[in-house]
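S.K.: Prediction below, plus the sequence it came from.
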Amino acid sequence: MRIFIAIDINKKMREEVGILQNRIRTKARLDKFEASWVKPEQMHLTLKFLGEVEEEKIEEVNRIAAEVAAAHTAFSVDIRQVGTFGRPIKIVWLGMGERSRELKNLQKDLDDRYVAIGFPKEDRDFTGHLTLCRIKTFKASRIVEPIVQKYADTQLGNQEVAAVCVYKSELTPDGPVYTLLQKSELRTQNSE
C-alpha cells in the first residue's frame, strides 16, 4: 500500500487556505484539463512519502513515526508565501514561511530513520508546503504565474504542529483517498 507521513492542517486553516485557493482559481479561470485543484479537506503537509510499503513493514513504519514524534516538542509554523515548483509551473503551493527550523528538524529525523530501514532518501531539500493545485498545460502555467506573484506575500497565520500522522493513499478516478493509520503526538511544552 502507498504510505506517506504528514501533518494535518486544522479546520480554521483549511478554511483560510480554501478562500485563498478560490481567489487564485477565480482569477486564473482554468478548467479541469488545465489545472487540478486540491480539495482543502484533503490538504496536509507531507513530511515523507514512502511509496509502496509491504503490509509486514507497516508496524515498523508506525513505530518510527511514534518514536520521532515523541522526541520532538510541539511547535507552530507560519503559513504564508504562495509559490511554485517547476519551469513551466507544475505546482502552485502555500509555504511555511521562514520560522520552520523545527519543521525541517522533524522532517530530517523522519527521513533519516526511514532511510535507515531501506526507504530512499529525499533527493532534494525539504520545502514545507501545502499543494494548492497541479498545473497541467504550458498555457495554464503562463496564466497562473502573474496571479501567483500577486499573492506571493500572503500571510494566513499560524498552524500548530502537534502530531505526526501515517496515512495510506489510494488513487481512484475521483482523486486520492487518504486513510489515517496512526496519529502520534509530539511532546507538549510542559512535558520537557
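M.R.: Noted; the coordinates are in hand. Numbers count the residues shown, from 1 in each chain.

S.K.: Low-confidence stretches in this protein?
M.R.: For the chain, the stretches with pLDDT under 70 are 97-99, 190-192.

S.K.: Need the residue closest to the centroid of this structure.
M.R.: Using C-alpha atoms, centre = their mean, the residue of the chain that lies closest to the mean C-alpha position is Leu45, 2.2 Å off.

S.K.: out of everything not next to it in sequence, what's closest to that residue?
M.R.: Taking C-beta to C-beta, 6 or more residues apart in numbering, and ignoring the residues beside it in sequence, Leu45 has Ile7 as its nearest neighbour in space, at 4.3 Å. (Glycine included, C-beta is placed from N, CA and C.)

S.K.: residues near the one you found, how many?
M.R.: By other C-beta atoms under 10 Å, 23 other residues sit near Ile7.

S.K.: for it, what are its contacts?
M.R.: Contacts were defined as C-beta atoms under 8 Å, 6 or more residues apart in numbering; by that measure Ile7 touches 44-45, 47, 159, 161, 163-165.

S.K.: Now with 7 Å, please.
M.R.: Applying C-beta atoms under 7 Å, 6 or more residues apart in numbering, we find Ile7 in contact with 44-45, 47, 161, 164-165.

S.K.: How about Ile24?
M.R.: The neighbours of Ile24, taking C-beta under 7 Å, 6+ apart as the test, are 92, 132, 147, 151.

S.K.: For those residues, work out which two are farthest apart.
M.R.: Pairwise distances across those peak at 11.2 Å for Leu132 and Ile147 (criterion: C-beta to C-beta).

S.K.: Between the two, tell me which one has more neighbours.
M.R.: Neighbours per residue, other C-beta under 10 Å: of Leu132 and Ile147, the larger number sits with Leu132, 26 against 18.

S.K.: before we move on, the earlier item: show me the one in the contacts of Ile7 that has more neighbours than the rest.
M.R.: When neighbours are counted by other C-beta under 10 Å, Val164 leads these with 27 neighbours.

S.K.: Before we go further, it is sitting in a strand, right?
M.R.: Yes: note on Val164: a strand contains this position according to DSSP: H, G, I helix; E, B strand; the rest coil.

S.K.: Distance of it relative to Leu181?
M.R.: Separation of Val164 from Leu181 (C-beta to C-beta, to the nearest Å): 12 Å.
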